[in-house]
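Enquirer: sequence-free structure coming up:
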């Protein structure tokens, strides 16, 4: 159950990271409220997952999911560059997330 909560927390982190772009500096009310709700929910689920998972693993996976997801959505939604090097490093981050999961002992 902790891993499920952690994945949801990571996906919510992607949501709030992308949401920051849509808030336009917290000047748009609806995107701002949705972003803040995503932030609180993401942190809350991370906290619940960290009750049973090692904190280094939980935090690393949470940040990794958020970073990879935000980068991919940045490419898709905002036409950010998808250079070969960038894609290789995103792939390495995915490998690191999987590595943390498989070596956590949980």
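Expert: Looks like it came in fine. All values reported here derive from a predicted model rather than from experimental measurement. Numbers count the residues shown, from 1 in each chain.
Enquirer: pLDDT weak spots in this structure?
Expert: By pLDDT under 70, the chain has no low-scoring segment.
Enquirer: excluding its backbone neighbours, what's nearest the residue nearest in space to the middle of it?
Expert: By C-alpha atoms, centre = their mean, the chain has its centre lying nearest to residue 66, at 1.6 Å. Nearest residue to residue 66, sequence neighbours excluded (C-beta to C-beta, 6 or more residues apart in numbering): residue 13, at 3.4 Å. All C-beta spots, glycine's among them, are computed from the backbone N, C-alpha and C.
Enquirer: which ones are touching that neighbour?
Expert: 38, 42, 62, 63, 65, 66, 69, 70 (C-beta atoms under 8 Å, 6 or more residues apart in numbering).
Enquirer: about what we covered before: contact partners for the residue nearest to the centre of the chain?
Expert: Residue 66 neighbours (C-beta under 8 Å, 6+ apart): 10, 13, 14, 17.
Enquirer: surely the third one meets residue 70?
Expert: Right, residue 14. Yes - contact between residue 14 and residue 70 holds when scored by C-beta atoms under 8 Å: they sit 5.5 Å apart.
Enquirer: hmm, what's the outermost residue in this structure?
Expert: The chain, farthest from centre, C-alpha atoms, centre = their mean: residue 27 at 23.2 Å.
Enquirer: how close does that residue get to residue 51?
Expert: 37 Å (C-beta to C-beta, to the nearest Å).
Enquirer: residue 34 too?
Expert: 27 Å.
Enquirer: these two - which one has more neighbours?
Expert: Neighbours per residue (other C-beta atoms under 10 Å) separate residue 34 from residue 51, with residue 34 holding more: 16 against 10.
Enquirer: list the buried residues of the helix or strand in which that one is found.
Expert: Element membership of residue 34, judged by DSSP states H and E, is helix 29-49. Residues of helix 29-49 classed as buried: 31, 32, 34, 35, 38, 39, 41, 42, 45, 46, 48, 49 (neighbour count, 16 or more other C-beta atoms under 10 Å).
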